[in-house]
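Asker: Sequence first, then the predicted structure, then my questions.
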Amino acid sequence: MSLPADYAERVYAGVLGKLIGVYLGRPFEGWSHERIVSELGEVDYYVNDRDDVELLNRQLVVSDDDVTGTFALLRALRDNGDRPDISAAEIGEAWLNYAVEGRSIFWWGGMGNSAEHTAYLRLKNGVQAPQSGSAALNGKVLSEQIGAQIFIDGWAMVAPGDPELAADLAGRAASVSHDGEAIHAAQVIAAMEALAFVESDTDRLLDVAVGLIPTDSVIAGAIADVREWHASGEDWTAVRRRIAGRHGYEVYGGACPVVPNHALIVAALLHGNDDFQRSLTIVNTSGWDTDCNSGNLGCLLGIKNGLASIDAGPDWRGPVADRMYLPTADGGGAITDAATEALRVVNGGRALAGLTPLAPKDGARFHFELPGSTQGFRAEAGSGSLVENVPGCSELGSRSLRLSYGDLGPGGTAAMTTPTFIPPDEETAPMYELLASPTLYPGQEIRARVVAGDRGSATSDCALLVRAYDGDGRLFSFRGEPTPLAPGAAALLAWKLPDTAGQPVAEVGLEVIPGSGQEGAVHLDYLTWQGTPDLRLSRPPAGGKMWQRAWVQAVDRFESTAAEPLRLIQDRGTGLLIQGARDWIDYEVEAALSAQMATAVGLAARVQGLRRHYALRLTPGQAQLVKTLGEPRVLAEADFAWEFGRAYVISLRVEGSHLVGGVDGRELFDLDDRGTPLSCGGVALLCEEGCVSSPGVEISPLPAA
């Protein structure tokens, strides 16, 4: 597979197109065409701030199954060695690892009603994919709903220029939860998107994609109908009426059948004539599953026509600012951005092509190398400042992020920040809770390179800025040591983040105090952080709610009192209370655990979801060091008599492939996991069928060698 020269930029355009499409259609998802026309008119821009109509949500950037399912489930490729022959069963395992039942990724509409919920329950009960999504098991109507199509874009973008591979990967991914026409629809979208990297002719895209599914399929027939109606010269509203008459919801049944929505995507693609805004206007005004259809079409057009096509119309990108949420059991990856996720997709495609990964600016978290990318950074509200991605002012790359400000007056400051955790104005979308852990923690070192603009003659002070929550849910600021910057000068900023009084870090960024308050600009070349956190995770002295939300709660109940800061209750099976991120590598974690009653309790490290971690567990009469990669496997065990009601201090040290575990200061295990070691991840408390409490969890860097 040969990759296009502009592969990274085209993937970024595809990710942006997906986000813009979803955010555009989300507030009125499920509305009829008639209601949309009556209450909104033709939808040619975001409507979330319309106060004259009742909408599903008014916040633009929200957690949504279309976005999360697309990019979170693609992690199955990385988790299985970036192999082109990844199986449906391996992709199904990713469902069990990343989805917190009833709370993240999917529409949890119930057995027999939601295809995704049904497939999840099949997988949980031991039915492997593709049988988990089969019509033989779940029925034709349920297995031919829309879900497979809406999650499919990532599998296309890792196969640029190779529609056959894209359709093959899409078929396997789709079969976890769907069958029949749903798989055909997903394969058509994936094949078109993959081919769009190297082919600009819409008819050619459709011809090749349809050639990869059965000629007598309903999807092939629906596409042929739409192409015929379009060729006859009818406008899009007439074609939409024809789709409703021949391929409407009542023809296929279920909550959200794939065929009608797929037909709308094709109609909007043809009638939009490669105009990004016009195409999204048509597909959103047409109704039905608006965010899903708009997301698929936006992704296809972004890949096909690039960033220029998105930028040709109104300002689609500014209000989004690249921001996106991927709430899963791997909470450290929830607060993210379009450039970060695009790079992950690109590196998946590069791995399939046998190429080394890209790591702009030595792997900096925020690198701004993709044109126009802001990676979530915004200027301080009401400051009159402006944030822009511009060429130049970069030592290791070609672009930077410029913060421009006017005359701020004596003592005035300018700042720009990006989220590291759930933002204060977050509005939880119906059904899709934003599960997240912070990405930045005390003890980690933040580094950034800044360059002052040439305007003005005064020296400005520049400092790294972090904001954390307080007990009332407000943000308070921490600042690194200010560094003087003369006009045109560059500086490296470094700051080890101090303790935040136990509260989660919500934002990171840059603050500038202009000399004499005059106007000017500062360029942020990159910003990143590294190192092991050094902190205690417990109930903060000031209390509040956001510290609890920093834990991904994959337990039946999570409670907190002054006497028992962390209290987990799990009714059936194993529950995890998870926090941390994948940049946690070598560290020691320790916690005192007391079980009121439980089948097993434990402490986990290098947690990458519900079914990827190491844990030291106490079970009846034994202590076990367990590795979970799908199913748990005992690496070592020792006799250990433990009692209910007594606290035991459990510790686990992870260093490379070396694992050391103990209880109450007594080392029980010391071994190397040299097979397929888990190399990184957060921490978790574990409870199996019972109730366990802990005063807190301590994470410490390992002593220097």
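Answerer: Sure thing, it's come through. Residues are numbered from 1 along each chain as shown.
Asker: Only C-alpha atoms from now on, for both contacts and neighbour counts.
Answerer: Will do.
Asker: List the residues that contact W584.
Answerer: 531-533, 606, 680-682 (Cα atoms under 8 Å, 6 or more residues apart in numbering).
Asker: tell me which element the closest residue to R653 other than its chain neighbours falls in.
Answerer: Nearest-residue entry for R653: E588, 4.3 Å, with adjacent residues in sequence omitted and distances by Cα to Cα, 6 or more residues apart in numbering. In this assignment (DSSP states H and E), E588 forms part of strand 587-597.
Asker: of all the contacts of W584, which two lie farthest apart?
Answerer: G531 and R606 (14.6 Å; Cα to Cα).
Asker: For the two, indicate the residue with more neighbours.
Answerer: More neighbours surround R606 than the other of G531 and R606, with 26 against 18 (other Cα atoms under 10 Å).
Asker: Which of the three states applies to that one?
Answerer: Classification of R606 by DSSP: H, G, I helix; E, B strand; the rest coil places it in strand.
Asker: Numbering from 18 from now on, please.
Answerer: Got it, the first residue is 18 from now on, which makes the last one we talked about R623.
Asker: who touches it in this structure?
Answerer: R623 neighbours (Cα under 8 Å, 6+ apart): 599, 601-602, 629-631, 671, 695-700.
Asker: Show the contacting residues for the most centrally placed residue in the chain.
Answerer: Nearest to the mean C-alpha position of the chain, counting by Cα atoms, centre = their mean, stands L343 at 2.6 Å. Neighbouring residues of L343 by Cα under 8 Å, 6+ apart: 80, 84-85, 88-89, 122, 350-353, 451.
Asker: thinking again about what came up before, neighbouring contacts of the strand holding E605?
Answerer: Residues outside strand 604-614 that contact it (Cα under 8 Å, 6+ apart) are 549, 618-620, 622, 660-672, 700, 707-719.
Asker: how about a cut-off of 7 Å?
Answerer: Residues from elsewhere that reach strand 604-614 (Cα atoms under 7 Å, 6 or more residues apart in numbering): 549, 661-672, 707-719.
Asker: related to what we said a few turns ago, in helices only, show me the contacts of L343.
Answerer: With helices defined by DSSP state H, the entries of the contacts of L343 inside them are 84-85, 88-89.
Asker: now, the most widely separated pair of these?
Answerer: V84 and A89 (8.2 Å).
Asker: Save the ones in helices among the contacts of L343 as CSV, and put in distance to L610, pLDDT and neighbour count too.
Answerer: As requested, the ones in helices among the contacts of L343 are exported to CSV (distance: Cα to Cα, whole Å; pLDDT from 0 to 100; neighbours: other Cα atoms under 10 Å):
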residue, distance to L610, pLDDT, neighbour count
V84, 37, 97, 26
T85, 33, 97, 22
F88, 35, 98, 23
A89, 32, 97, 25
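Asker: In CSV: these, plus distance to G490.
Answerer: Shown next, in CSV, are these (distance: Cα to Cα, whole Å):
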residue, distance to G490
V84, 27
T85, 26
F88, 30
A89, 28
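Asker: Tell me who's in contact with G38.
Answerer: By Cα under 7 Å, 6+ apart, the contact list for G38 reads 308, 311-312, 315.
Asker: please redo it, this time with the cut-off set to 8 Å
Answerer: Taking Cα under 8 Å, 6+ apart as the test, what G38 contacts is 297, 308-316.
Asker: Equivalent analysis for N114, please.
Answerer: For N114, the contact set (Cα under 8 Å, 6+ apart) comprises 346, 626-629, 647.
Asker: mind listing what the helix or strand hosting M433 pairs with, with the direction of each?
Answerer: Take DSSP H and E as the rule and M433 turns out to sit in strand 431-436. Taking DSSP bridges as the criterion, strand 431-436 forms sheet pairs with strand 395-396 (antiparallel), strand 522-530 (antiparallel).
Asker: The ones you listed: which one's closest to R382?
Answerer: strand 522-530 (11.8 Å).
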